[in-house]
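*Asks:* I would like the atomic coordinates for the input below:
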Amino acid sequence: MINPEKNYSKYIAIFLGIIVAAIAIYIMKELKAIFLPLTFAIFLSFLFQPIIRFLEKKKLPTPLNIFIVVMIILISFTIVGTIVYTSVASFVTDFPKYESQITGMIKNLITQFEIPMEDVTDYLQNKVNWFQMADRMSLSKIISATMGNFIDFFIKLLLTVAFMIFIILERSKLAKRLEAVITESDAIHTNAVMEKIEKEVYTYIVNKTLISFITGLLGMFFVAIYGIDFVVISGLLLFILNYIPNIGSLIASAFPILICLIQYGISWQLFAITISLIAIQQLMGTFIEPRVMGSGLKLSPLFVLISLILWFWIWGPVGMIVAVPITSAINRILKEIPSMKIISAFISTES
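*Replies:* Numbers count the residues shown, from 1 in each chain. Got it, this is the predicted structure:
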């Protein structure tokens, strides 16, 4: 016989869980500057955990282990940052040479659609506020914005590293504190759940990085052999945006296709690069990724889409990159709470 009070308590727990989740989402959105570096720090601690364990087996002191990990992170970010900076600088320097092609394309559109030139001229002269536009596009403001973004990135990088250091230091002490306040069986269960989350997130990040790297290299190869400009920045976009499931690669592919259209117009290069990039996405997304990722994180495709929209609203484009591993970790925690398993059933594809 079903106990009505038990069902009532379960629904209250679910309702309270939804309220807590809504409050947590609001706090994370408002305190984005703190929670975003903290999230990346947690992911980095998962990613570097095998290296930390290896160093601990070598009986190296903890401060030295942390120093080695921090240096690896800083060197990696320095290399990536240098590549990104030089690629963007090259794009800013070389793009003005396309002005004539863009002007020609606009003229062709005006001719093709028979737009009266008098209306265009009147609009450009009387409706466009050129002084306001020039002020917005002034070199000083662009430099100031660029420097502001760089300083903001540098501060967040330091904050992320600081968070990660404390996470690594606290990780070894956490098990002892758990044993002191809960039973041994509960402590073992909690550690097992944490290990599952760590394994899932680590596997996802490593495999996704490998797939994204191959996708970027293949994209750069075809962009280069077709003679399209901005090879490196095209590869970077394919690499970074491939972390966003389903739509990231499509958005990244639009950049080299648009550059090819401006550079060559409607030509065989445009059709070739479009077909090549679509073929890469199909090869990696349909054949390679399912085999490398295995059963993956077992998340519902519908809920992946919902989580992308939600985390984009919370943290912007960066939120879309971290949406899947965060959702996977939340799903793993919900599975361990009896009253929350009904919510996990909507998130996961596991029966």
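*Asks:* Flag the shaky bits of the stretch 51-200 of the chain, pLDDT-wise.
*Replies:* Applying pLDDT under 70 to the stretch 51-200 of the chain flags residues 95-96, 98-153, 172, 174-184, 186-187, 189.
*Asks:* Tell me how far residue 14 lies from residue 337.
*Replies:* In this view, residue 14 and residue 337 are 10 Å apart by CB to CB, to the nearest Å. For every residue, glycine as well, the C-beta is placed using N, CA and C.
*Asks:* for residue 231, same thing?
*Replies:* Separation of residue 231 from residue 337 (CB to CB) stands at 49 Å.
*Asks:* more crowded one of those two?
*Replies:* Of the pair residue 231 and residue 337, residue 231 is the one with more neighbours under other CB atoms under 10 Å, namely 21 against 12.
*Asks:* pretty sure residue 77 contacts residue 158?
*Replies:* No: under the contact definition of CB atoms under 8 Å, residue 77 does not touch residue 158, with a separation of 10.6 Å.
*Asks:* out of the two, which sits in the busier spot?
*Replies:* Remark: of residue 77 and residue 158, residue 77 carries more neighbours, 15 against 12, as counted by other CB under 10 Å.
*Asks:* State the distance from the closest residue to that one other than its chain neighbours to residue 240.
*Replies:* Spatial nearest neighbour of residue 77, chain neighbours left out: residue 157 (6.1 Å); criterion: CB to CB, 6 or more residues apart in numbering. Here the distance between residue 157 and residue 240 works out to 16 Å (CB to CB).
*Asks:* do residue 253 as well
*Replies:* When distances are taken as CB to CB, residue 253 and residue 240 turn out to be 13 Å apart.
*Asks:* Name all residues that make contact with residue 40.
*Replies:* Counting by CB atoms under 8 Å, 6 or more residues apart in numbering, residue 40 touches 160, 322.
*Asks:* Which secondary structure element is home to it?
*Replies:* Under the criterion of DSSP states H and E, residue 40 resides in helix 32-47.
*Asks:* Residue 347 reaches residue 324, doesn't it?
*Replies:* No: taking CB under 8 Å as the contact criterion, residue 347 and residue 324 are not neighbours in contact, 11.4 Å apart.
*Asks:* Find residues that contact each of those two.
*Replies:* When contacts are counted by CB under 8 Å, 6+ apart, residue 347 and residue 324 have residue 299 as shared neighbours.
*Asks:* helices or strands next to the strand or helix carrying residue 344 in the packing?
*Replies:* Secondary structure from DSSP H and E places residue 344 in helix 341-347. For helix 341-347, the elements it packs on are helix 4-30, helix 317-335, judged by 3 or more CB pairs under 8 Å, 6 or more residues apart in numbering; DSSP states H and E.
*Asks:* Quick check: the residue nearest to residue 77 vs residue 163, distance?
*Replies:* 11 Å.
*Asks:* same deal with residue 284?
*Replies:* 32 Å.
*Asks:* Could you do residue 322 as well?
*Replies:* Taking CB to CB, one finds residue 322 at 14 Å from residue 163.
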